[in-house]
Each structure stands twice: as structure tokens, then as C-alpha cells.
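K.L.:
Fold the following for me, if possible:
(chains A and B, ligands or ions: 1)
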Amino acid sequence: MRKVKIFPPQVWRNKETMYRLIAAKCTSCGNVMFPARDVCNKCGSTKVTKVRLSGKGTLISYTVNYQSLPGMEKVQPSYIGLIKLDEGIEIVAPLTDVDENLREGARVEATIRRIRADSTNGLIEYGVKFRLVENEPNR
Amino acid sequence: MEVVVSSYSMIRVDRYYEASLTELGLAAAKSIFENLKEKVEPDVVLIANSYSEKTANQVLLSSKIARALGFASPSFRVESGDSSGGASIYAAYKMIKSGSVKTVLIIGAEKLSDFPSSYLNEILLQNMEEEYESRVGILPQSYSALRMKIYMKKYGVDYDYFVNWPYLMHKYGSENPYAYLKFQVDKDAVKNSQLISEPLRLFDTAARADGAAAVLLASEDVAKKIGDSDVKVKDVSSSSGHLEMDGIPSLRGAFAKMGRPKFDYLEVHDSYSIQAALILEELGFTRGKSLEEIESVPVNFSGGLKSRGYPGGATGIYQLIEAAMQLSGEFPGRRAQGVEKALVVSTDDLGYSSFLTYLSR
Ligand SMILES: [Zn+2]
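P.N.:
Numbering: from 1, shown residues only, chains lettered A, B, ... in the order given. So this is what the prediction gives:
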């Protein structure tokens, strides 16, 4: 099997994206960008502030993926969702803890899960995946 | 000053375990110079290649290939993912139009057969955004699966709607001697092929493999001296755009900038069947019905990415040559009749970048 190498600086500098769901919001047009950027990709404004996403959203669609990647063979098949976050943006993200209740329109929330591990030193990279929310009515 | 497709050459898309990336590029370039009436040192050499760092552990490819051909020409590698081919044609056209360059040799070369699918996926993952998508492993195949589902829901079509595309591509490709998967498939074989990312199946994706193709673009005056080709690049256009689930903004932008020209032959980047549908619809085919309308204009008589094969950044150079050969009546496979204007659509795997090349006789 191919060796997986994790470089700590790459994981460390990504902490706001991966562990805190920090996005950017344009103060001119209201556009939300995840991952955060310093320039608005809709209107070009540089007046952009950081916002923390609620991590809650609605599943628009999903796919069951049978393709594998080095270091991620354990989660196969994997579930990938197109999610409309409550802040209004759509993202494509992995789904976790999936059971037979997966359906379009379901409410989902962000959670931190293991992504991959370094083959040599055991270092683990974590990241945001989404799971179904219990007991919340569909919108 | 017109820009002429002066000479071209390609090798069959295949698995070349015996040849390196550099050797593939040289193999394609070699026959170009054998066919010219006069010795030419190109003013510029461009290498269209997307993945050399991960596939061959190589950078500085353009200089290596130029020197191996005995040229001291300035050389550049053009990297724009799987649209590198289209991007290099765009650059070459603009250089010649500027008047300060007369000849540009473009060599598209890519090597994607050496690896198991898991590593190939790691290579393709580089196309996805750096901080989130690629780190959590969202593959372009899954994006295409989601696009397919959204399309099916929006237009009320089922999986069978998409089957016509690989069926036709393999039918066309079975006549193309340069095709990688040079065989026909029946519709049941498509429907029962391996699931990649549900509902996307193997035949809805394209056959990534090794390939190299080269083209010499020249200003009209030089082209007359060195060859007899009368196929011209009339225009190029390009846009970058965000990813839409039900359309391709970069292509919409590029086609609008070009003035939505009429064409009677098309080569398109069908990295997925859904990608083919979205491309055709941006070019004016009916939304939700494009894959039923494909017999109205000759499209991808090469067999497209599905049957001719999908050699990454070299793909756009194959497309250019195939369209040029349709115009000159020299294509060795299925031929369209009376082609006057051909449009080549080169995009990256999902269409963040689109490059259009408009050809005429
Ligand atoms: Zn804005």
C-alpha cells in the first residue's frame, strides 16, 4: 500500500477551516466563502470579515462513492453530500455515521472526524464531516 | 495575419509501459519535422501537461524536450489541469497574432497508466480546492455523480438518458485507429458497468491513459513555405468560472466572448457523460435533452475521451488535430461531410476553465 505522509504545518495552518468552520463574509454584498478568502469572489470587494459557520445545513443531494484514496481505504464506500448550509452557501462534504435514513432534505450538522493517518509516525489528520441531526424536523 | 495549423502528429492513446513521459512527447513531435518541406526551429515550444510532478517526478519538462529535439527555442510548460491542451493553443494563437512570433510547436504529453486506481485518484484529487475538498478527499468523480443526480431530478430523466453518450462514443471510436478503447459497447454493458460514485458508472467516466500529440502552428506566410495545410485557427476564447451543479459558467463566458459562432463539427471534453451534456447545453443544445439531440451535429467522431481516451493535459491537442483532420478530410476514422467550421471545447475535468478553438478551412 502507498505510504501516506502528513506534514504538520499543512494541517496546523488549516485549523480554522477544519476544526472551527471559519468562513469569510463580504461586507459589501453579503457573499459567504468557505474556505475563507480575503477577497470576495462575487463582487471583488476586499472588505471581508471572518465568520464562524453554524455547521448546520440541509442535505440537497448525496452520492455513495466507491473510489479509494491512499490512507482513506477504511471508509469505503464513502458518502458525499451536497449541503446547503444555513448561512446560504452550498458545499460538498463527506457524510459520516450514515444509516438507512439518508434522504434528500435531511438536516445535517458538522462534526470532527479522523481523515487519514501518517503511515510512518501515526500522526492523525482530523477534519469536518457532516452527520444527520436527530430529532430536528425537515425544513 | 492568419494562424495556420501547419502540421500535426499523434500517437495512439494507450498504455506505454516501455516509454517515459519525455519519450512520448518526443515521439509525437518527431513526425512533424519529418513532414515539413523546410527545416524549422520553432520560435516557441509549449508543453501541455498537467500532472508531471506526480506521474513522472519531473519539472522543467519543456526545456528538456526542446533540447532533446535540438532546439534552443524558449520553452514553457502550460499547466491548466486537463485543459492544458486548450490553454496552450490559446497562448500559441495569441503569440502568433502579436506578430512577434511566427511558429509555435505545441506538444501535449501525459502519462496516466502506470498507477493503480487509488494513486490515480490521488493525482486527480489535485484538481480540487486545496484547503478543504482535497484534504477531506472529495474526488471529481463524486462531484460529477452529484451533478448527474441534480440533472436527473431537474429534468425528470433517469439513468438511461446518459447511456446514449458512451454508446455513441464507442461506436465512433471503434473506427478511429488512434483510439485507446477501440471497441463498441452495447447499452446493457454501460448500464451494468462498475459503480464509481452512484449513480455514476465506469462508462460514464473517461478512460485515462498515456498519450502524446503535437501540432505546429504557424503564421500564414511561414506556413506556405513549409507545408500545404489550409486549416486555420480563426479564433480562440477562454474563461474561468466557479463550479455550478447544473451548468458550466466558464464555457458560457468563453462562448459568449467568441460571439457564439456557428459550427458544423464539434470536439468536446466529455470527461463524464454529464459533462458532455452540460457542455452541449452551454453551446445551445436544449437543456435536459442535449444527449437526445447529438445526431443533429457531428460531435466527437474521434470517440471522445471515452473511446479515444483521456490523456490529461494532452487531450486538447488530440481534439485540435481531430477537428483539423475533419476539416481537411483526412481523418482516418468516421468523417463528417462538408465541414467548414469546427469548434473544439477543451476544459479541465469539471469545467472550472474552458478554452475554445474555432477552426476553418
Ligand atoms: Zn462581495
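
K.L.:
And stretch B:61-73, how far out from the chain middle?
P.N.:
Offset of stretch B:61-73 from its chain centre (Cα atoms, centre = their mean, to the nearest Å): 23 Å.

K.L.:
what's it in contact with?
P.N.:
By Cβ atoms under 8 Å, 6 or more residues apart in numbering or on different chains, the surrounding residues in contact with stretch B:61-73 are B:21-22, B:25-26, B:29-30, B:33, B:41-47, B:49, B:52, B:58, B:75-77, B:105, B:107, B:109. Glycine gets a C-beta too; all of them are placed from N, C-alpha and C.

K.L.:
quick check: mean pLDDT across that stretch?
P.N.:
Across stretch B:61-73, pLDDT averages out at 97.

K.L.:
Show me which residues of that stretch are buried.
P.N.:
Neighbour-count burial for stretch B:61-73 flags B:61-66, B:69, B:71, B:73 (criterion: 16 or more other Cβ atoms under 10 Å in any protein chain shown).

K.L.:
Please apply the same query to stretch B:252-264.
P.N.:
So, applying 16+ other Cβ under 10 Å, buried residues of stretch B:252-264: B:252-255, B:258, B:263-264.

K.L.:
which ones among the residues you listed are found in strands?
P.N.:
Applying DSSP state E to these, no entry is found in strands.

K.L.:
about what we covered before: out of the contacts of stretch B:61-73, which are buried?
P.N.:
Buried residues within those, counting neighbours by 16+ other Cβ under 10 Å: B:21-22, B:25-26, B:29, B:33, B:42-47, B:49, B:52, B:58, B:75, B:77, B:105, B:107, B:109.

K.L.:
what's near enough to touch the nearest residue to residue B:16 once chain neighbours are set aside?
P.N.:
Using Cβ to Cβ, 6 or more residues apart in numbering or on different chains and skipping residues adjacent in sequence, the residue nearest residue B:16 is residue B:210, 4.6 Å away. Neighbour list for residue B:210: B:13-16, B:19, B:24, B:110-113, B:311 [criterion: Cβ under 8 Å, 6+ apart].

K.L.:
Closest to residue A:38 out of the residues you listed?
P.N.:
Distance to residue A:38, by Cβ to Cβ, is smallest for residue B:110 among the contacts of residue B:210, at 34.0 Å.

K.L.:
bridging residues for that closest one?
P.N.:
Using DSSP bridges, the beta-bridge partners of residue B:110 come out as residue B:211.

K.L.:
Distance of it relative to residue A:8?
P.N.:
33 Å (Cβ to Cβ, to the nearest Å).

K.L.:
Neighbour count for the two, which is higher?
P.N.:
Remark: of residue B:110 and residue A:8, residue B:110 carries more neighbours, 32 against 11, as counted by other Cβ atoms under 10 Å in any protein chain shown.

K.L.:
Let me know the helix or strand that residue B:233 is in.
P.N.:
Per DSSP states H and E, residue B:233 falls inside strand B:232-240.

K.L.:
just to revisit the earlier point, from the buried residues of stretch B:61-73, which land in helices?
P.N.:
In helices, defined here by DSSP state H, the members of these are B:61-66.

K.L.:
Number of residues surrounding the residue in the stretch 101-250 of chain B positioned nearest to the ion?
P.N.:
In the stretch 101-250 of chain B, the residue found nearest to the ion is residue B:242; the distance is 13.2 Å by Cβ to the ion. Other residues lying near residue B:242 total 9 when counted by other Cβ under 10 Å.

K.L.:
Is it in a helix, a strand, or coil?
P.N.:
Put simply, residue B:242 is coil when judged by DSSP: H, G, I helix; E, B strand; the rest coil.

K.L.:
Quick check, it in contact with residue B:248.
P.N.:
No - applying Cβ atoms under 8 Å, one finds residue B:242 not in contact with residue B:248, separated by 10.1 Å.

K.L.:
and the residue nearest to residue A:45 when sequence neighbours are not counted, what is it in contact with?
P.N.:
Spatially, and ignoring its direct neighbours in sequence, residue A:45 is nearest to residue A:28 (3.9 Å; Cβ to Cβ, 6+ apart). Neighbouring residues of residue A:28 by Cβ under 8 Å, 6+ apart: A:40, A:43, A:45, A:47.

K.L.:
picking up where we left off before, reformat the ones in helices among the buried residues of stretch B:61-73 as a markdown table; add distance to residue A:93.
P.N.:
As requested, these are exported to a markdown table (distance: Cβ to Cβ, whole Å):
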| residue | distance to residue A:93 |
| --- | --- |
| B:61 | 35 |
| B:62 | 38 |
| B:63 | 41 |
| B:64 | 40 |
| B:65 | 40 |
| B:66 | 44 |
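
K.L.:
Enumerate the residues of chain A near the ion.
P.N.:
Contact residues (Cβ under 5 Å from the ion) of chain A with the ion: A:26, A:28-29, A:31, A:40, A:42-43, A:45.

K.L.:
Now the closest residue to residue B:272 other than its chain neighbours. Its backbone dihedrals?
P.N.:
Excluding its sequence neighbours, the residue lying closest to residue B:272 (Cβ to Cβ, 6+ apart) is residue B:144, at 4.2 Å. Backbone torsions of residue B:144, given as degrees, to the nearest 10, read phi -70, psi -30.

K.L.:
ok, residue B:144 touching residue B:351?
P.N.:
No - between residue B:144 and residue B:351 there is no contact under Cβ under 8 Å: 10.2 Å.

K.L.:
hang on, the earlier thing: among the contacts of stretch B:61-73, which are in helices?
P.N.:
B:21-22, B:25-26, B:29-30, B:33, B:52.

K.L.:
on that earlier part again, with respect to residue A:17, which of the buried residues of stretch B:61-73 is nearest?
P.N.:
For those, the nearest to residue A:17 is residue B:61 (32.6 Å; Cβ to Cβ).

K.L.:
tell me the contacts of residue A:125?
P.N.:
Neighbouring residues of residue A:125 by Cβ under 8 Å, 6+ apart: A:6, A:11, A:114-117, B:135.

K.L.:
from the residues you listed, which two are the most distant?
P.N.:
Using Cβ to Cβ, the contacts of residue A:125 span at most 13.7 Å, a distance reached by A:117 and B:135.

K.L.:
which stretches of chain B form strands?
P.N.:
Going by DSSP E, chain B shows strands at B:3-10, B:44-48, B:75-78, B:103-110, B:195-197, B:200-201, B:211-219, B:232-240, B:265-267, B:341-347, B:353-360.
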